[in-house]
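# Any chance you can model this:
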Amino acid sequence: MKICTVCKVEKDGVNFNKDTRKMDGLRSSCRDCDAIKGKIYRSNNVEKLKIDHANYERKNRSKLTAYRSKYRAENAEKVKEQDKRYKRTRKEKEMLSEKILLSCQDVTDPKIVAWLNSIVNNNVPTPK
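The predicted structure follows:
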């Protein structure tokens, strides 16, 4: 049993990530608190993370291409199923947005246009 330094709750050791620098071999904050800190960091640094990801992709293009090609070859059935699922949901979203578009009276309203675009781009918020 160990007490998290962030939430101050006593938890089992399995609820803490490993840290070889610590005497007990575990981090001082629990996994739940680490996850929350990670979400906050990612939400506050969206642009930085996009730039970092793009830089990594650019620097490692050949390695990533080889890895992806190998993965697709070794997991052909799984990839084929994922592609089918993606195409099916994409088509359903496009059909939904067209149906909504046809039923809307004022399609020039920026809120409606933004909402329809978000549906097509995989974000499905409720209309406001």
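# I'd like to know how many residues surround residue 94.
By the criterion of other Cβ atoms under 10 Å, residue 94 has 12 neighbours. From N, CA and C alone the C-beta is placed, and that goes for glycine too.
# Burial check on residue 14, number of neighbours?
Residue 14: 7 neighbours (other Cβ under 10 Å).
# and the gap between it and residue 30?
Distance, residue 14 to residue 30, using Cβ to Cβ, to the nearest Å: 10 Å.
# Looking at the chain, which helix is longest?
Looking across the chain with DSSP state H, the single longest helix is helix 76-103.
# Pull the distance from that helix to the chain's centre.
Distance, stretch centre to chain centre, for helix 76-103: 19 Å (Cα atoms, centre = their mean, to the nearest Å).
# Count the residues that sit near residue 30.
23.
# ok, residue 11 touching residue 4?
Yes - with contact defined as Cβ atoms under 8 Å, residue 11 reaches residue 4; the gap is 6.3 Å.
# what about the two, which has more around it?
The residue with more neighbours, out of residue 11 and residue 4, is residue 4; 19 against 15, by other Cβ under 10 Å.
# tell me, what's touching residue 11 and residue 4 both at once?
Shared contacts of residue 11 and residue 4, defined by Cβ atoms under 8 Å, 6 or more residues apart in numbering, are found at residue 30.
# before we move on, back to that, and the longest helix of the chain, what does it pack against?
Judged by 3 or more Cβ pairs under 8 Å, 6 or more residues apart in numbering; DSSP states H and E, helix 76-103 is in contact with helix 110-120.
# Kindly state the domain boundaries assigned to the protein.
2-44, 61-120 (automatic domain parsing).
# Since that was my last question, I'll sign off now.
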